[in-house]
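In: quick one, structure for this:
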Amino acid sequence: MTPAKVTTGAMAAVAELPPFLPFYLGALLVALAPARPQWLRPALTVLTPLLGAANLLTIPAGAHLNMELLGYELNPLRADRLSNLFGYLFHLAAFIGAIYAWHARARGQQAAALLYAGSALGAVFAGDLLTLFVFWEMLAVSSVFLIVGRRSERAMQSGMRYLVVQVLSGVLLFAGAALLARGGGLTFTAMRLDSAGALLVFTAFGIKCAFPLLHNWLTDAYPEATPSGAVFLSAFSTKVAVYALARGFPGVELLIYIGVVMACFPIFYAVIENDLRRVLAYSIINQVGFMVVGIGIGSELAVNGAVSHAFSHVLYKSLLMMSMGAVLYRTGRMNGSDLGGLYKCMPKTTLLCIVGAASISAFPLFSGFVSKSMVMSAALGEGYGWVWLALLFASAGVFHHAGIKIPFFAFFAHDSGIRCKEAPPHMLLAMVIAAALCVGIGCWPWTLYQLLPFAVDYAPFDATHVVAQLQLLFFSALAFVWLKLSGIYPPELPSVNLDADFVYRKLGPAALKKITALVQTADRALRRRALAATCTLIQTTRRLHDDAAPASGDVTGKMMAAALVVFCAALVFYYLV
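Out: The predicted structure is shown next:
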């Protein structure tokens, strides 16, 4: 082998380095790095996404690192326009999150964040279901440390519930992959809901995507995470599921109906919720609903809209999570009833939060407008007028609960009397980067459109789109003002709101308690009857024996009677116990 061939082979090996590997290596270095100097571990955490992005740019399109296992072909690395888009997004989110978390000193939190981001990358570049399953479970295991790292009792309990649900999702994915493998292999490609295996995979994706009735893990766990942990959580898990649906089930009409419900129902809970990070958790479900609708429609415009909205959503939701995390970091409080008036002491955070609120509300010239409108236009174009109306309602709702409620109750509303410091410089820097991207994409959407899976023939700044959106925002704001001044708008009260988790938090335990009481009552009754029957049997046997026994006392007859009694008692004990 000539030196030139060695160099070429080495370059090819570097070019095909799986995107998850730099993050896993970075997590290892962070875990082993000493505590001094204090900047070393945060610097490694920030540097890792930069090195990972440099590696990602060298990976050519196509399948790489193919191998065979037990007769099945595995493809751990498949790069195309869809996976590359999410790859760029996840590197960007990890970089912003690492800057925001510069203050963190917990070694486990830093390593877990890198493992989490790397697992998300491993999932979106997986070309087969077995590789996807491995990273699917790694997402669950690594992310739970971002929740329990807060070290409160509620965080520990929420983290354990979160882990159970996420592992269950992985189990369903593995079972579905095993069934699909019987029919033709493990390649991760588009599927139809015509087999048990596909249904199991679809359900696994649905759990991580927070489908209705499968969503409570998100609203339960995300608000209990650490300030920086919530930023990472909002960026990865549900977006990996969106990618998986776009890859595996594009054009499945059932997703349209599921997405509409996802977009609409969280509005009602977010409006009455007091915990502002839980409001943002409900908002995640609402926004993912738009993406699911786009995937369900399945046209090129709809899928482009879904994945571009995922890109925009990570940026503005991270910005909102960071602003609320900064408030929590400085005040130790997160309930709207405890906050207010913080614009006086945190003016920069307030302004950046308003940028995030404008983006999620889809104001023209902000990122949410240029992506969300693609999905709504696709719904109209494909003849789903009722879907367009439902998404219009959802757009008004998200302006109420995220565009207005979050900045209003945190920074304005009543003056809580709290006077704290402005957010630390590294938090402000991370928020500035996210805000600049929100505005940049909103003003120059073609920078994002050129990365989408399909060619884009869409003009976001059409007069009809702009005027219709401005009208929606104006009348929504007017409705908020009227509801607030009239006293109809739900006040921020210290309370705990339950939605579908009412089933397992209240209804389930109450039903189990009643069932247990009924079983215990029936058990006692059966035991009393069995005991009475046994006593009656013993007395009858003795009486019969006494009547039939000879005057001299037959020892053999007595032994037979005793054996019969023992035998009957053993039978009763066996069948009852």
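In: and stretch 290-304, how far out from the chain's middle?
Out: 20 Å (CA atoms, centre = their mean, to the nearest Å).
In: to clarify, my last question referred to stretch 529-545.
Out: Relative to its parent chain, stretch 529-545 has a centroid offset of 63 Å by CA atoms, centre = their mean.
In: tell me the mean pLDDT over that stretch?
Out: Per-residue pLDDT values over stretch 529-545 give a mean of 80.
In: repeat for stretch 75-83
Out: Per-residue confidence for stretch 75-83 averages out to 94 on the pLDDT scale.
In: show me the contact partners of that stretch.
Out: Outside of stretch 75-83, the residues that reach it under the criterion CB atoms under 8 Å, 6 or more residues apart in numbering are 16, 18-19, 59-67, 87, 124-128, 131, 187-188, 243, 246-247, 307, 451-453. All C-beta atoms are positioned from the backbone trio N, CA, C, and that covers glycine.
In: same thing but at 7 Å, please
Out: Outside stretch 75-83, the residues within contact range by CB atoms under 7 Å, 6 or more residues apart in numbering are 16, 18, 59-66, 124-128, 131, 246-247, 307, 453.
In: out of these, which end up buried?
Out: With neighbours counted by 16 or more other CB atoms under 10 Å, the contacts of stretch 75-83 contain buried members at 16, 18, 59, 64, 124-128, 131, 246-247, 307, 453.
In: got TSV for these, with secondary structure and distance to residue 388 too?
Out: Rendered in TSV, the data for the buried ones among the contacts of stretch 75-83 read as follows (DSSP: H, G, I helix; E, B strand; the rest coil; distance: CB to CB, whole Å):
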residue	secondary structure	distance to residue 388
16	coil	44
18	coil	41
59	coil	38
64	strand	41
124	helix	29
125	coil	34
126	coil	34
127	coil	35
128	strand	37
131	helix	38
246	helix	21
247	helix	26
307	helix	20
453	coil	23
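In: Throw those into JSON lines and include pLDDT, thanks.
Out: Below are the buried ones among the contacts of stretch 75-83 laid out as JSON lines (pLDDT from 0 to 100):
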{"residue": "16", "pLDDT": "69"}
{"residue": "18", "pLDDT": "93"}
{"residue": "59", "pLDDT": "92"}
{"residue": "64", "pLDDT": "87"}
{"residue": "124", "pLDDT": "96"}
{"residue": "125", "pLDDT": "96"}
{"residue": "126", "pLDDT": "95"}
{"residue": "127", "pLDDT": "92"}
{"residue": "128", "pLDDT": "94"}
{"residue": "131", "pLDDT": "95"}
{"residue": "246", "pLDDT": "96"}
{"residue": "247", "pLDDT": "96"}
{"residue": "307", "pLDDT": "97"}
{"residue": "453", "pLDDT": "95"}
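In: out of the residues you listed, the closest to residue 498 would be?
Out: Comparing the buried ones among the contacts of stretch 75-83 against residue 498 with CB to CB places residue 246 closest, at 31.8 Å.
In: the closest residue to the closest one other than its chain neighbours and residue 259, how far apart?
Out: By the measure of CB to CB, 6 or more residues apart in numbering, the closest residue to residue 246 outside its immediate chain neighbours is residue 295, 5.1 Å from it. From residue 295 over to residue 259 the distance is 8 Å, taken as CB to CB, to the nearest Å.
In: now residue 62
Out: Using CB to CB, one gets 31 Å for the distance from residue 62 to residue 259.
In: do residue 269 as well
Out: On the measure of CB to CB, residue 269 and residue 259 end up 17 Å apart.
In: ditto for residue 388
Out: In this view, residue 388 and residue 259 are 13 Å apart by CB to CB.
In: those two: who's more crowded?
Out: A side-by-side neighbour count of residue 388 and residue 259, using other CB atoms under 10 Å, places residue 259 first with 31 against 19.
In: so the more buried one touches residue 293, yeah?
Out: Yes - when contacts are counted by CB atoms under 7 Å, residue 259 is listed as touching residue 293 (3.5 Å).
In: before we move on, the earlier item: the residue nearest to residue 246 is in what secondary structure piece?
Out: helix 276-297 (DSSP states H and E).
In: quick one: name whatever helix or strand follows whichever strand or helix holds residue 303.
Out: Residue 303 is located in helix 300-331, with elements delineated by DSSP H and E. Next in sequence after helix 300-331, counting helices and strands by DSSP H and E, comes helix 347-360.
In: show me what that next one is packed against.
Out: The elements that helix 347-360 packs onto, with contact taken as 3 or more CB pairs under 7 Å, 6 or more residues apart in numbering; DSSP states H and E, are helix 300-331, helix 367-381, helix 405-411, helix 425-443.
In: list the buried residues for stretch 489-508?
Out: 489, 492, 497, 499, 501.
In: quick one: least confident of those residues?
Out: With pLDDT as the yardstick, residue 492 is the minimum among those, at 67.
In: wait, residue 138 touches residue 118, no?
Out: No - using CB under 7 Å, residue 138 is not in contact with residue 118, being 8.0 Å away.
In: run through who's touching the helix or strand hosting residue 206.
Out: Applying DSSP H and E as the criterion places residue 206 in helix 196-209. Residues external to helix 196-209 that are found in contact with it (CB under 7 Å, 6+ apart): 165, 168-169, 172-173, 175-177, 179-180, 191-193, 214, 237-238, 240-242, 244-245, 248-249, 288, 292.
In: list the helices and strands the helix holding residue 295 packs on?
Out: By contact count (3+ CB pairs under 7 Å, 6+ apart), the secondary structure elements abutting helix 276-297 are helix 216-221, helix 227-248, helix 254-272, helix 300-331, helix 367-381, helix 385-398, helix 405-411.
In: count of residues packed around residue 394?
Out: Here the number of neighbours of residue 394 (other CB under 10 Å) works out to 25.
In: what's near enough to touch it?
Out: If you count contacts by CB under 7 Å, 6+ apart, residue 394 has them with 263, 264, 267, 286, 289.
In: so the last one touches residue 259, yeah?
Out: Going back to what we said before, that points to residue 289. Yes - if you go by CB under 7 Å, residue 289 and residue 259 touch, sitting 4.7 Å apart.
In: what do these two both touch?
Out: The contact sets of residue 289 and residue 259 do not overlap (CB under 7 Å, 6+ apart).
In: just how off-centre is the longest helix anywhere in the chain within its chain?
Out: The single longest helix within the chain, with elements called by DSSP state H, is helix 508-548. Here the centre of helix 508-548 is set off from its chain's centre by 51 Å, with CA atoms, centre = their mean.
In: and if you look at stretch 136-148?
Out: Its chain's C-alpha centre lies 11 Å from the corresponding centre of stretch 136-148 when counted by CA atoms, centre = their mean.
In: so, low pLDDT: which residues of the stretch 401-550 of the chain?
Out: Within the stretch 401-550 of the chain, the set of residues satisfying pLDDT under 70 comprises 492-495, 545-550.
In: and if we set it to 50?
Out: Under the criterion of pLDDT under 50, none of the stretch 401-550 of the chain is flagged as low confidence.
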